[in-house]
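Visitor: Provide a 3D model corresponding to the input given below.
(one chain, ligands or ions: 1)
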Amino acid sequence: MAGKNNGYAARVKKAEQVLRSAIEEFHPAITLASSFSLEDVVLMHMISKIRPDARVFAIDTGRLNEETYQCADLVKFITGLKIEWVFPRFEDVQKLEQEKGLFSFRSSLDARHECCNIRKVEPLSRALKGQKAWITGLRKEQNVTREELKYVEIDEAHGGITKINPLLEWEDKDLKRYIDENKLPYSALYDRGYTSIGCAPCTRATEPGEHPRAGRWWWESAEQKECGLHVDYSKQKDVSAGAQASGK
Ligand code: SF4
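Guide: Presented below is the predicted three-dimensional model:
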């Protein structure tokens, strides 16, 4: 038990150290991209203690769950952080919906990537323009495509800026414990069996024993379950741009 506690304490300390040194080095040109996941709630709390005026943005894809908005408001209130909402380009969404309908992402992998590119990838790229670094809640435990993550990486997909992953080694139970200990809010969907939360029509609850991200784009294979926010170019040889990626 003591070992487990030590492991948790060490992971919290490491995350805070990684965050602090990144913010000291890059502020004000560093930002957190928050989706109000458990990871992002933890990071927002840590950031608010280090640099309450740090930039935090969130992408409103237009298809988020109501619970995500509720969580966003609560986290904003508790941390005092200012949240900058970033939206997809209106004309792109209008064209997509008019030409292909409201659920085109279910028809093929390409169609799903098209929607993710319009609603997530392009707004992310826009939000990262001018930044020297960005902070993510990526963890090794989350996905088969995330095993080679590092605390600090160069993000070639976004102009070679630095990408900081402070929660790299965190486990699910660490997130819950940190949120509990610090009395932080979280999306009510987690209490309904969701283990990874994205857009409403592309996320479902998972069953015990399923991979935490099994509820994301559940109609696709595990290797395809990414949206292009975190491109791994080393694995991109055989796929079209943005197809092989790892992200929220
Ligand atoms: Fe579109 Fe689904 Fe991707 Fe959201 S997660 S941008 S709804 S395909």
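Visitor: biggest helix in this protein by residues?
Guide: Assignment by DSSP state H gives helix 2-26 as the longest helix of the chain.
Visitor: And the strands in the chain, which stretches?
Guide: Taking DSSP state E as the test, the strands found in the chain are 30-33, 55-59, 83-86, 133-135, 152-155, 161-164.
Visitor: Dump the ones you listed to a markdown table, plus mean neighbour count and mean pLDDT.
Guide: Heads up, the C-betas are built off the backbone N, CA and C, glycines and all. Shown next, in a markdown table, are those (neighbours: other CB atoms under 10 Å; pLDDT from 0 to 100):
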| stretch | mean neighbour count | mean pLDDT |
| --- | --- | --- |
| strand 30-33 | 24 | 98 |
| strand 55-59 | 22 | 98 |
| strand 83-86 | 15 | 98 |
| strand 133-135 | 24 | 98 |
| strand 152-155 | 15 | 95 |
| strand 161-164 | 22 | 97 |
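Visitor: and of these, who's closest to residue 110?
Guide: strand 55-59 (21.1 Å; CB to CB).
Visitor: close to the ligand, is the closest one?
Guide: No. Using CB under 6 Å from any ligand atom, strand 55-59 never reaches the ligand; the gap is at least 9.1 Å.
Visitor: Describe which strands that strand pairs with in its sheet and in which direction.
Guide: strand 30-33 (parallel), strand 83-86 (parallel) (DSSP bridges).
Visitor: Nearest to residue 181 among the ones you listed would be which one?
Guide: Minimum separation from residue 181 across these (CB to CB) falls at strand 30-33, 20.6 Å.
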